[in-house]
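Engineer: Sequence first, predicted coordinates after that:
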Amino acid sequence: MQLVTIVGSERLSAGDMSAARDAAAAAGMETGDVRWMEAEAVAEFSGTGPSAAVRDAVEAVLPHADVIVQSAAERRRRLFIADMDSTMITVECIDELADYAGLKAEISAVTEAAMRGEIDFAGALERRVALLADLPLASIDECLRDRVRLSPGARTLVQTLRSQQVYTLLVSGGFTHFTGPVAAMIGFDEARANVLETRGDVLTGKVLEPIVDAHAKREALTGTAQGRGIALTETIAIGDGANDLLMVETAGLGVAYHAKPKLADAADMRIRRGDLTVLLHALGIPRADWAA
């Protein structure tokens with residue numbers, strides 16, 4: 001049995017839900033009755049049919065909503081693994097650091113190509129970090145203080161998941177200088193990222209091995225799940241770019257958050273309109289149980 005959850009970024013009407021059921025039926029789903037989880041905001045219906053086709057069909061008729069189609073039996077999750085840059089925070093940290101070196105436009109272009117999957121991530125990372133040689137460590141502290149902002153709903157999502165006994169892991173192709181503080185601000189159980197080499201009070205322009213790339217992110221997911229006795233069907237992975245593709249494809253519920261096309265096409269669930277708390281609706285956690 002499949003469960004279709006619809007979260008509106010604007011008011012949802014009975015007409016919207018009728019259109020959603022019609023679209024799901026046209027895509028091959030035999031649908032049940034609509035259940036309103038939050039009046040004019042969140043609704044669900046069950047049915048049997050092809051998940052991806054139903055999701056695409058309902059998204060097409062409800063462009064102002066996020067649509068999640070998943071197995072009702074697998075809704076309960078026990079491990080959440082998340083990307084950081086442009087997912088749990090609103091910026092790409094390396095691009096913001098580059099601004100302090102007067103190289104933001106140049107480095108941002110490489111970041112965008114890497115996130116779209118057009119160039120190799122590890123090579124692109126090494127090229128960008130090399131341009132930051134001799135940048136003072138004080139610039140990292142300044143960047144963290146002045147540029148890094150949490151994505152809407154980040155704290156509520158992670159702290160609510162932890163209250164539901166879900167283990168939370170932040171894994172980033174960015175840098176430990178940022179993931180440590182960000183993980184603490186949001187409330188993650190654990191964080192992993194790349195390590196920038198330093199010399200005295202400046203960056204050397206090198207990143208230490210091993211590099212946290214797409215393969216390392218997938219290994220973080222599978223290794224943590226295995227180590228904690230969690231089935232992959234009980235896991236969630238969320239990200240926005242090509243470096244998140246392997247973990248999103250491997251997780252029981254792979255989520256694309258305002259993502260680049262390559263990741264959005266591969267994900268089970270796409271948050272296109274709302275904030276990170278859309279995922280709490282997808283998991284069936286009522287607002288009364290959300291962390292304050």
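Structural biologist: Cool, the structure landed. Values in this document were obtained by computation on a predicted structure and should not be read as measured data.

Engineer: make it CA atoms for all contacts and neighbour counts henceforth
Structural biologist: Noted.

Engineer: Give me the contacts around the lowest-mean-pLDDT helix or strand in the chain.
Structural biologist: Least confident helix or strand of the chain, by mean pLDDT, DSSP states H and E, is helix 104-115 with a mean of 89. By CA atoms under 8 Å, 6 or more residues apart in numbering, the surrounding residues in contact with helix 104-115 are 94-98, 119-121, 124, 128, 240-243, 260.

Engineer: Give the buried residues for whatever helix or strand comes next after that helix.
Structural biologist: Using DSSP states H and E, the helix or strand that follows helix 104-115 in sequence is helix 121-130. Buried residues in helix 121-130, counting neighbours by 16 or more other CA atoms under 10 Å, are found at 121-122, 124-125, 128-129.

Engineer: Could you export those residues as TSV, including distance to residue 220 and pLDDT?
Structural biologist: Output for the buried residues of helix 121-130, formatted as TSV (distance: CA to CA, whole Å; pLDDT from 0 to 100):
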residue	distance to residue 220	pLDDT
121	17	89
122	17	90
124	21	90
125	19	92
128	24	92
129	23	93
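
Engineer: JSON lines please, covering these and showing distance to residue 181.
Structural biologist: Below are the buried residues of helix 121-130 laid out as JSON lines (distance: CA to CA, whole Å):
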{"residue": "121", "distance to residue 181": "24"}
{"residue": "122", "distance to residue 181": "24"}
{"residue": "124", "distance to residue 181": "25"}
{"residue": "125", "distance to residue 181": "21"}
{"residue": "128", "distance to residue 181": "22"}
{"residue": "129", "distance to residue 181": "20"}
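
Engineer: returning to what we had before: got a PyMOL select line for the buried ones in the contacts of helix 104-115?
Structural biologist: To isolate in PyMOL the members of the contacts of helix 104-115 that are buried, counting by 16+ other CA under 10 Å, one can use:
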select buried, resi 94+95+96+97+98+121+124+128+240+241+242+243+260
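
Engineer: Which stretches in the stretch 1-150 of the chain count as strands?
Structural biologist: 2-8, 30-31, 35-38, 42-48, 65-71, 79-82 (DSSP state E, counting those that start in this stretch).

Engineer: Identify all contacting residues around whichever strand or helix holds residue 172.
Structural biologist: Under the criterion of DSSP H and E, residue 172 resides in strand 167-175. The contact list for strand 167-175 (CA under 8 Å, 6+ apart) reads 78-85, 93-94, 158, 161-162, 179, 183, 188-196, 211-213, 217, 220, 243.

Engineer: Swap in 6 Å and give it another go.
Structural biologist: 79-84, 188-195, 212-213 (CA atoms under 6 Å, 6 or more residues apart in numbering).
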